[in-house]
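Chemist: Have a look; sequence and predicted model below, questions after that.
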Amino acid sequence: MKKFEYKIQIRESLLDVYGHVNNAAYVTHFEECRWEFVSTRGCGVNEVMKMGVGPIILSLKCNFRKELKAREKVTITLEQLNFRHKVGKLRQQIIKENGDVACEAEFEFGVFDMQKRRLVEPDEKWRYALAIDESTN
């Protein structure tokens, strides 16, 4: 899969008492990017509610490298690494305009059936939305 890129500007409301972005906001930005990705591929939140099935995060490893401050423009990337046995792995980065990586995270994810309350194999629509067949398997 080619890296997906999502551009944002850091809002002042996300700053903490140190004058930079709070660590939880980095994770929120990563989630916003993931929703933008699946939405552009036909499986946004409305589709999730209709189908009763959607992506779920199982684990997260996050490395904070550079601080982000108000009004900075950044690019958030998403790259699918693999998907095996109902569980996939992806990498995301928040990259500053100068090219520095502010934060990098790896996520394990699956597709969750809200009725059955368990992970399921993704159907064709979710395989496309999550770029599973485009990843390294």
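Modeler: Yep, it's here. Numbering: from 1, shown residues only.
Chemist: Stretch 75-90: which residues count as buried?
Modeler: 75-80, 83, 88-90 (16 or more other C-beta atoms under 10 Å). Yep, even glycine has a C-beta here, placed from its N, CA and C like the rest.
Chemist: phi, psi of the most centrally placed residue in the chain?
Modeler: Among the residues of the chain, the one closest to the centroid is Arg34, at 3.4 Å (C-alpha atoms, centre = their mean). With angles defined as degrees, to the nearest 10, Arg34 shows backbone torsions of phi -60, psi -40.
Chemist: Looking at strand pairing, list the partners for the closest residue to it other than its chain neighbours.
Modeler: In space, and not counting its chain neighbours, Arg34 is closest to Leu78: 6.3 Å by C-beta to C-beta, 6 or more residues apart in numbering. As for beta bridges, Leu78 partners with Phe4, Gln92 under DSSP bridges.
Chemist: Run through the residues that contact Leu78.
Modeler: Contact analysis of Leu78 by C-beta atoms under 8 Å, 6 or more residues apart in numbering lists 3-4, 6, 33-34, 37, 90-92.
Chemist: so how far is Arg91 from it?
Modeler: Distance, Leu78 to Arg91, using C-beta to C-beta, to the nearest Å: 8 Å.
Chemist: and if you look at Phe4?
Modeler: Between Phe4 and Arg91 the computed distance is 11 Å (C-beta to C-beta).
Chemist: between the two, which one's more packed in?
Modeler: Relative neighbour count places Phe4 above the other of Phe4 and Arg91, with 20 against 15, counting by other C-beta atoms under 10 Å.
Chemist: Fine by me, thanks again.
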